[in-house]
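Chemist: need a structure here:
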Amino acid sequence: MRVVFVGINPGRVSAAAHAHFANPRNDFWRLLHAARFTSRLYEPSEQFALLEEGIGVTNAAPRTTPGSGDLRRADFAGSADRLETIARELRPAWLGFVGKEAYRGTFNERPELGLQERKLADTQLFVLPSTSPANAAVPWATRLRWFSELAGRASGLPVREAVRGLVRDARGRVLLLRYGDEYGEWWITPGGQREAGEDDGQTLRRELEEEIGLVGFEPGPLLWENTGWTLGEPGYGSFQAKVYLVRVESFEPPYLTEAQELRWFAPEELAGVTTRPADLAARISFASDW
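Modeler: Residues are numbered from 1 along each chain as shown. Predicted coordinates for the structure are as follows:
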């Protein structure tokens, strides 16, 4: 067992379907696939097939209610003991609580999202955003980021070291690359994985020439380092990326080798654009001082 996901309790749609997260507006199954927990998109009716991928699903409270707000403290009686039994007998590496209320109801304490200090036996605990349509205030990108972090942590795969360039022209614009999949698209600075024996400058020159045909530049100062967990690159579960300033007077890329699109952005044009990291616009504003 890699991960057992713990929902709060069955809603009426799930109870009628005898399946977890069965409401078609619930993002749980799509998030599993988008974060690469699963090799394909599963339907709620296929919940037992998740066992073949080392994944289980359960609830913190068994009683069906119209909404989680209808639960009472008594509905969580014995939840912590039952989950500890699952941890001891099935020995999953992780319990992933789908929503803060699932964790709060179980342990009677309010958590933050992410890794928890508490363990059950040898099983680590992680709190994810709720995937319920009632939690629509939390955007898809934020939910996916937390699911991707747990997927990367649970994978046990090594760190991918990368070097990237914040390419700025004389007009103050930055050059970003667009990537995407069936769940959305995002913009990112050019760059890529360090190869054995390379220093940062060598990696940056090679990657920018390979990706966008940019040559003849000198890397500027290191702007920031970014770390995180994701299964976005095959064979890796986390990443460490260094981002350097690259100044150019002007540049029109002669080709693209991997990205779906390349575009120059003025900093104010990044509002509402999905980027990786998510706070790239704020980082670029900081970098404008260089």
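Chemist: now stretch 205-214, how far from the chain's geometric center?
Modeler: Stretch 205-214 has its C-alpha centroid displaced from the chain centroid by 27 Å (C-alpha atoms, centre = their mean, to the nearest Å).
Chemist: same deal with stretch 87-99?
Modeler: That offset, for stretch 87-99, works out to 19 Å (C-alpha atoms, centre = their mean).
Chemist: repeat for stretch 256-270
Modeler: 21 Å.
Chemist: 204 is where my numbering starts, stick with that
Modeler: From this message on, residue numbering opens at 204, which makes the last subject stretch 459-473.
Chemist: all helices for the protein, in order.
Modeler: Along the chain, counting by DSSP state H, helices occupy 215-220, 231-237, 282-293, 303-310, 343-358, 403-415, 483-490.
Chemist: need the contact list for the nearest residue to residue 228 once chain neighbours are set aside.
Modeler: Spatially, and ignoring its direct neighbours in sequence, residue 228 is nearest to residue 336 (4.0 Å; C-beta to C-beta, 6 or more residues apart in numbering). Where C-beta positions appear, they are placed from N, C-alpha and C, glycine not excepted. For residue 336, the contact set (C-beta atoms under 8 Å, 6 or more residues apart in numbering) comprises 226, 228-229.
Chemist: most neighbours among these, which one is it?
Modeler: residue 229 (23 neighbours; other C-beta atoms under 10 Å).
Chemist: could you break the chain into its assigned domains?
Modeler: 206-358, 362-490 (automatic domain parsing).
Chemist: right, so the ones you listed: which one is the most enclosed?
Modeler: Looking across the domains of the chain with neighbours counted as mean count of other C-beta atoms under 10 Å, the highest average goes to domain 206-358: a mean of 18.
Chemist: report the rounded mean pLDDT for that one.
Modeler: Mean per-residue pLDDT for domain 206-358: 96.
Chemist: picking that back up, roughly how far does the residue nearest to residue 228 sit from residue 226?
Modeler: Residue 336 is 7 Å from residue 226, where distance means C-beta to C-beta, to the nearest Å.
Chemist: re earlier: how near is the residue nearest to residue 228 to residue 344?
Modeler: On the measure of C-beta to C-beta, residue 336 and residue 344 end up 16 Å apart.
Chemist: hang on, residue 235 packs against residue 241?
Modeler: Yes: checked against C-beta atoms under 8 Å, the pair residue 235 and residue 241 is within contact range at 4.9 Å.
Chemist: which ones are touching the nearest residue to residue 220 once chain neighbours are set aside?
Modeler: Among residues not flanking residue 220 along the chain, residue 247 sits closest, at 6.2 Å (C-beta to C-beta, 6+ apart). Contacts for residue 247 (C-beta under 8 Å, 6+ apart) come out as 217, 220, 222-225, 232.
Chemist: if we go to 10 Å?
Modeler: 216-217, 220-227, 229, 231-232, 260 (C-beta atoms under 10 Å, 6 or more residues apart in numbering).
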